[in-house]
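Asks: Predicted coordinates and the sequence they were generated for:
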Amino acid sequence: MQTSSVALTEPIPAPETAEDAVMSLMMALGRRLRQRQPGDAIDYSAFPLLKLLSHQGPMRLSALAAVIGLDASTVSRHARQLEDRGLLERTDDPDDRRASRIAVSAQGSACLAQGFETRRQLITHALDSWTDEERETLRTLLDRLVQTLMTHNEAQEHSA
């Protein structure tokens, strides 16, 4: 795990709005979660692909690219690297024998679970001094924000 030995000369100002606070959280948390952690077997950039496949089951690369919102060639390159490492498996598409689907292998599931648990522990440690009530309030409000963002995104997609 990489840690910085450089101290800030000025404290980071408190956010002035809820929007600023969420953006600050996302930047700090994103930076921390993307850092390589002890025991990581995969790069963090593979997590979204593996996580989606672990929840949705086998998918065609084109469908996976569309859901993730990346170019098909990018997803194909990542998938090939993960397949070469034994983290993904390719199977025939039962709807079209000319095509294939990819799925998370047992090894891929284990790597994903270990990586998420390591990062969950980072967050648990950050919340150690919080009361149960504060943690529950945070959980409720963050879930509400996620649901609102997802609903807002779906509404925008349907109106476009």
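Replies: Alright, I've got the coordinates.

Asks: tell me which element residue 91 falls in.
Replies: Per DSSP states H and E: residue 91 is located in strand 88-93.

Asks: What lies in contact with that strand?
Replies: Strand 88-93 has contacts (Cβ atoms under 8 Å, 6 or more residues apart in numbering) with 50, 53, 58, 60, 79, 82-83, 99-105, 108. In short, each C-beta sits where N, CA and C put it, glycine included.

Asks: Would you tell me what the next helix or strand after the helix or strand where residue 63 lies is?
Replies: Using DSSP H and E, residue 63 sits in helix 61-68. On the C-terminal side of helix 61-68, the nearest following helix or strand under DSSP H and E is helix 72-84.

Asks: could I get that next one in PDB with only the CA atoms?
Replies: C-alpha atoms of helix 72-84 as PDB (Å, rounded to 0.1, in the frame of the first residue of the first chain):
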ATOM      1  CA  ALA A  72     -16.300  -2.600 -27.000                       C
ATOM      2  CA  SER A  73     -12.600  -2.800 -27.900                       C
ATOM      3  CA  THR A  74     -11.600  -1.500 -24.400                       C
ATOM      4  CA  VAL A  75     -13.800  -4.100 -22.700                       C
ATOM      5  CA  SER A  76     -12.600  -6.800 -25.100                       C
ATOM      6  CA  ARG A  77      -9.000  -6.000 -24.200                       C
ATOM      7  CA  HIS A  78      -9.700  -6.000 -20.500                       C
ATOM      8  CA  ALA A  79     -11.700  -9.200 -20.700                       C
ATOM      9  CA  ARG A  80      -8.900 -11.000 -22.700                       C
ATOM     10  CA  GLN A  81      -6.300 -10.000 -20.100                       C
ATOM     11  CA  LEU A  82      -8.600 -11.300 -17.300                       C
ATOM     12  CA  GLU A  83      -9.300 -14.500 -19.200                       C
ATOM     13  CA  ASP A  84      -5.600 -15.100 -19.800                       C
END
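
Asks: Give me the below-cutoff pLDDT ranges for this protein.
Replies: Along the chain, segments meeting pLDDT under 70 span 1-5, 153-160.

Asks: which helix in it runs the most residues?
Replies: Looking across the chain with DSSP state H, the single longest helix is helix 132-159.

Asks: Going through the contacts of strand 88-93, which ones are buried?
Replies: By neighbour count, with 16 or more other Cβ atoms under 10 Å, those hold 50, 53, 58, 60, 79, 82, 101, 102, 103, 104, 105, 108 as buried.
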